[in-house]
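**Student:** For reference, the sequence and a predicted model appear below.
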Amino acid sequence: MNPERKKRSRVQGGWAAPTNVRSDRNKPKAGVSPAWTGKTVDQPTEKKFVFEEPDEELKERPAELVITKTGVYDISTEPSGVSRLRYFPEFIGSQEANELYDRLFHDLPWRQRSDMKDGVSYLQPRLTTWYGDLSYSYSGVTHEATLEWDPTLHMLRERLESVLGLQFNSVLTNLYRDGHEHVPWHCDDERSLGPQPTIASLSFGDTRNFELRKKPETGDDYSHSEHVRIPLTHGSLLIMEGSVQDDWQHRIPREYHDRDPRINLTYRVILPE
C-alpha cells in the first residue's frame with residue numbers, strides 16, 4: 001500500500017475513535033435515583049397511620065369562679081363534706097371602715113416574724129400581730145396567749161359573735177404594706193384549730209385578691225384544679241367554713257402594680273392542747 005494512503009487510513013480508520021458510539025459515563029444506572037428525588041404522591045407506601053385514643057383523658061382547667069356579690073357559695077362537696085364561703089362585701093360601712101383602719105394601723109404592735117419551711121427560716125413577707133386566749137403555733141411560729149386584747153379587736157370580736165352566733169377566742173392580723181407583700185398557698189388545718197374550723201376574715205384598706213384552689217385527689221399536681229377568686233374590698237367579711245380547710249388551699253398573691261396597705265383580721269377558735 002502506498003505509504004501516504006496507509007497514513008490516511010491510520011487516521012480515518014480503525015485507529016480513530018468510532019463516531020457512532022455514545023459515552024454512558026454520566027448516565028444514571030438503572031434503579032438508582034438522584035439523592036434529591038423524594039417520593040411522589042402516586043408512589044405506594046408501606047407505612048400506615050392509625051389513630052389511637054390517649055391512655056388518659058385530656059383535661060382542661062375549669063374556668064375560674066369570681067365572687068364579688070353578697071351570698072353563700074358552696075364551692076365543693078366531697079366525702080369530707082361541703083366547702084362553704086359566705087361573703088359580705090359591705091359588712092362595715094366605708095366611713096367606719098376608714099376609722100377602724102386608722103386605729104388598727106397605728107395602735108397594733110406590728111412586727112415581721114420568721115417562718116420555717118423545709119428546715120429553713122425566712123422572714124414573712126408581711127407584718128403580723130396575734131391576740132388570743134390561748135397560745136397558737138403554725139409554720140414554726142408560736143404566739144403566746146394574750147392577757148389583754150386591743151380594744152378595737154375586742155369590739156370587732158363581739159360584733160362578729162353577735163351577728164354570726166359564734167364564739168371566737170383569737171385573732172391573727174396581717175398588714176400587707178404594698179402589693180409585693182403576700183401569703184403563699186396554705187390551709188389552716190393545724191390540730192389546735194380543730195376539725196373543719198370556721199374562720200371569719202375582715203379586710204380594711206386597699207382591695208387584694210383572695211384565691212382558693214382545690215386540692216387534687218392524689219399527688220400535688222394543681223394544674224387542673226378548680227380556682228376561686230374573691231377581690232376582698234374595704235370593710236368586707238369573708239367566712240370560710242365546713243370542709244374548706246380540708247379540700248382547698250388559699251393565698252393572697254403577690255401583685256406587680258401599685259397597691260396601698262391592707263389590713264386583714266382572721267378570727268378563729270383555738271382549742272386547748
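**Tutor:** Received the coordinates, thanks.
**Student:** What is the neighbour count of the closest residue to residue 190 other than its chain neighbours?
**Tutor:** Once flanking residues are discounted, residue 190 sits nearest to residue 138: 5.4 Å by Cβ to Cβ, 6 or more residues apart in numbering. Heads up, the C-betas are built off the backbone N, CA and C, glycines and all. The number of residues packed near residue 138 is 16, by other Cβ atoms under 10 Å.
**Student:** what sits opposite residue 138 in the beta ladder?
**Tutor:** residue 141 (DSSP bridges).
**Student:** and the gap between it and residue 233?
**Tutor:** The span separating residue 138 from residue 233 equals 26 Å under the rule Cβ to Cβ, to the nearest Å.
**Student:** Please apply the same query to residue 153.
**Tutor:** Distance of residue 153 to residue 233, computed by Cβ to Cβ: 20 Å.
**Student:** Comparing those two, which shows the higher neighbour count?
**Tutor:** Per other Cβ under 10 Å, whichever of residue 153 and residue 233 has more neighbours is residue 153, with 22 against 19.
**Student:** Keeping just the C-alphas, turn the host helix or strand of the more buried one into CSV.
**Tutor:** Following DSSP states H and E, one finds residue 153 within helix 151-164. What follows is helix 151-164 as a C-alpha-only set of coordinates in CSV (Å, rounded to 0.1, in the frame of the first residue of the first chain):
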residue,chain,number,x,y,z
PRO,A,151,-59.9,47.5,122.4
THR,A,152,-60.7,47.7,118.6
LEU,A,153,-60.1,44.0,118.0
HIS,A,154,-62.2,43.1,121.1
MET,A,155,-65.1,45.3,119.8
LEU,A,156,-65.0,43.6,116.4
ARG,A,157,-64.8,40.2,118.0
GLU,A,158,-68.1,41.0,119.9
ARG,A,159,-69.8,42.3,116.8
LEU,A,160,-68.9,39.1,114.8
GLU,A,161,-70.1,36.9,117.7
SER,A,162,-73.4,38.8,117.9
VAL,A,163,-74.1,38.7,114.1
LEU,A,164,-72.8,35.2,113.4
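**Student:** Please work out the average pLDDT along that helix.
**Tutor:** Mean per-residue pLDDT for helix 151-164: 98.
**Student:** With stretch 135-146 instead?
**Tutor:** Here the average pLDDT along stretch 135-146 is 78.
**Student:** Show the end-to-end separation of that stretch, please.
**Tutor:** 8 Å (Cα to Cα, to the nearest Å).
**Student:** Show me how far that stretch is from its chain's centre.
**Tutor:** 28 Å (Cα atoms, centre = their mean, to the nearest Å).
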